[in-house]
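A.B. asks: Fold the following and give me the result.
(one chain, ligands or ions: 1)
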Amino acid sequence: MSGVAVPDLDVAALLERRRAVVEAALARLLDELLRDAPPAVAQPARYAVAAGGKRLRPILCLAAHEAAGGTPADGVLDVACGIELIHTYSLVHDDLPCMDDDDLRRGQPTTHRRFGVAAAMVAGAALIPLACRAVLRGSERLGLEVSARAVLVRELCVAAGGGGMVGGQLLDLRAEGHAVALPVLESIHRAKTGALLAASARLGGLAAGAPAGVVAALSAYGEALGLAFQIADDVLDVTGESARLGKTAGRDVELGKATFPALLGVDGARRSADAEAARAIAALEAEGIATAELVALARYAARRDR
Ligand code: GRG
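C.D. replies: Residues are numbered from 1 along each chain as shown. Below is the predicted model:
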């Protein structure tokens, strides 16, 4: 896939090790930031966050931070957790009856199935300002200049907003039941899934105070990885099992969604995901930051099994 000369990593062990660190940081952060929220908000919010998941976005942020020369610190963990909080809100809202109307997420009943629709909507919404507070707190703890702190929060908001994740979600919903050409499908997913994954890598670089060239390379890496990740998601919806995925397999077909396997076939979609992963790695190589971990994460995004 790429001629990059970095050692192969045991990606499962790597993800597990990073995941444990992220989960502990999330628990600490929620204890602190949810202190002022009533139980009716805090309980479903905690439920959604604690349900688990791969924690790929914060892991990417931490790996990008190190690749950009940053030293592991609590501040960057806060930033990474902030991204995961936005991701978690998006999953809670995505599962609502007015959107994908799903029963299972991260191997558990969806938040609205467990707490009701109103509580899930409110808890999801409460996670958005919490995420901004986490990123701001992290950038303060990192000792970044005030203007640099604002840049981190803005980057997260832009990626999660109308030109990114939220806009992509709406386009995805509107495309249900319609024939969609490949370039359109790619642009929907570059926004819906890719923007937050790219921001994860980018925020890692910004948290390390990296120069513009490095941040741009991390962005390009994250964008290509994001597309690889979404293609793999579509493939898993066809080939995976609900128990392993922790969400309902086959839902895309039920909802009449356009998908990469539907347009390219399963093998064609896998090849396309591999090509995106190679593109992601090439972006890093051009800037001399193709660390073993970032390379392994790109390959994992394309060929994951859950
Ligand atoms: C108001 C229109 C509007 C939208 C609200 C709901 C929403 C915002 C956005 C949804 C975007 C979305 C659900 C993107 C996620 C795509 C995706 C592949 C999710 C699965 O991510 P994983 O596999 O999940 O990383 P885990 O559980 O491992 O964290």
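
A.B. asks: Does the residue in the stretch 201-306 of the chain positioned nearest to the ligand lie in a helix or a strand, and which?
C.D. replies: Going by Cβ to the nearest ligand atom, the ligand is nearest to residue 233 of the stretch 201-306 of the chain, at 4.3 Å. To be clear about C-beta, it is placed using only N, CA and C from the backbone, and glycine gets the same treatment. For residue 233, the element it lies in under DSSP states H and E is helix 212-239.

A.B. asks: Could you point out the helix or strand that follows that helix?
C.D. replies: Scanning onward from helix 212-239 (DSSP H and E), the first element met is helix 242-245.

A.B. asks: Is any residue of that following helix near the ligand?
C.D. replies: No. Residues of helix 242-245 are not located near the ligand by Cβ under 6 Å from any ligand atom, the shortest gap being 8.3 Å.

A.B. asks: State the distance from the residue in the chain positioned nearest to the ligand to residue 166.
C.D. replies: The minimum distance from the chain to the ligand, using Cβ to the nearest ligand atom, falls at residue 53 (2.9 Å). According to Cβ to Cβ, to the nearest Å, residue 53 and residue 166 sit 20 Å apart.

A.B. asks: Of those two, which one has the most company?
C.D. replies: More neighbours surround residue 53 than the other of residue 53 and residue 166, with 21 against 17 (other Cβ atoms under 10 Å).

A.B. asks: Against residue 81, how distant is that one?
C.D. replies: For residue 53, the distance to residue 81 - Cβ to Cβ - is 13 Å.

A.B. asks: Could you do residue 16 as well?
C.D. replies: Relative to residue 81, and taking Cβ to Cβ, residue 16 is found at 18 Å.

A.B. asks: ranges for the strands of the protein?
C.D. replies: Counting by DSSP state E, the segments of the chain that form strands are 104-105, 108-109.

A.B. asks: Tabulate the ones you listed in JSON lines, adding columns for distance to the ligand.
C.D. replies: Formatted as JSON lines, these follow (distance: least, Cβ to the nearest ligand atom, whole Å):
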{"stretch": "strand 104-105", "distance to the ligand": "7"}
{"stretch": "strand 108-109", "distance to the ligand": "10"}
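
A.B. asks: taking the ones you listed together, which one is wrapped up most tightly?
C.D. replies: strand 104-105 (a mean of 22; mean count of other Cβ atoms under 10 Å).
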